[in-house]
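A.B. asks: Pasting a predicted model and its sequence here:
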Amino acid sequence: MIEQRGFQRRFFQEDERYMIEFVTLPKKFLQKSEVALTLNLSGSGLLFMYNRPLHHGSLMKIKLSIPKRKKPIKLVGKVVRVEPARRHGLFNIAVQFSEITYENRNLIDEFCNDLKEQKKEQQKAEGDDDNNKDYHIYI
């Protein structure tokens, strides 16, 4: 499913989340880098869970680590949504990428598309005929 944002969003199962390292800009709120796991990812943004709310509109420097890439992808994003997660005391933080190279945006988009294709192949091998199934995570 292609969404209005123009990039395939990928919702991750618990065993396939990817690490980000981030710091808010300017470093008023977080004085040091923090680490979190993604809940979903697309070429235009990501969602992650964190143990405290971040300020809506905050800018963040992010390093995103994905498989088959030795160095993390570096970008800047803006917090566009903060809401309580289903797990008590945690928050879902939605970030829209605001400074990202065309190359890095394409790497992320290709990565999401590759994961979708791998899931389709896995379903096919397991005899599941529903190739358009979305994989959402409910936290």
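C.D. replies: Structure received.

A.B. asks: max-length strand in this protein?
C.D. replies: Longest strand in the chain, counting residues (DSSP state E): strand 73-84.

A.B. asks: Now do the following helix or strand past that one: which elements does it pack against?
C.D. replies: Remark: after strand 73-84, the chain's next helix or strand is strand 91-99, criterion DSSP states H and E. Packing partners of strand 91-99 (3 or more C-beta pairs under 8 Å, 6 or more residues apart in numbering; DSSP states H and E): strand 45-50, strand 59-64, strand 73-84. To be clear about C-beta, it is placed using only N, CA and C from the backbone, and glycine gets the same treatment.

A.B. asks: Taking strand 45-50 as reference, get the angle to the longest strand of the chain.
C.D. replies: Per axes from the mean of the first three to the mean of the last three C-alpha atoms, to 10 degrees, the angle that strand 73-84 makes with strand 45-50 is 60 degrees.

A.B. asks: what about the strand or helix carrying Val23, average pLDDT?
C.D. replies: In this assignment (DSSP H and E), Val23 forms part of strand 19-25. Taken as a whole, strand 19-25 has an average pLDDT of 87.

A.B. asks: What are the buried residues along the next helix or strand after that strand?
C.D. replies: Per DSSP H and E, the first helix or strand lying C-terminal to strand 19-25 is strand 34-42. By 16 or more other C-beta atoms under 10 Å, the buried positions in strand 34-42 come out as Glu34, Ala36, Thr38, Leu39, Asn40, Leu41, Ser42.
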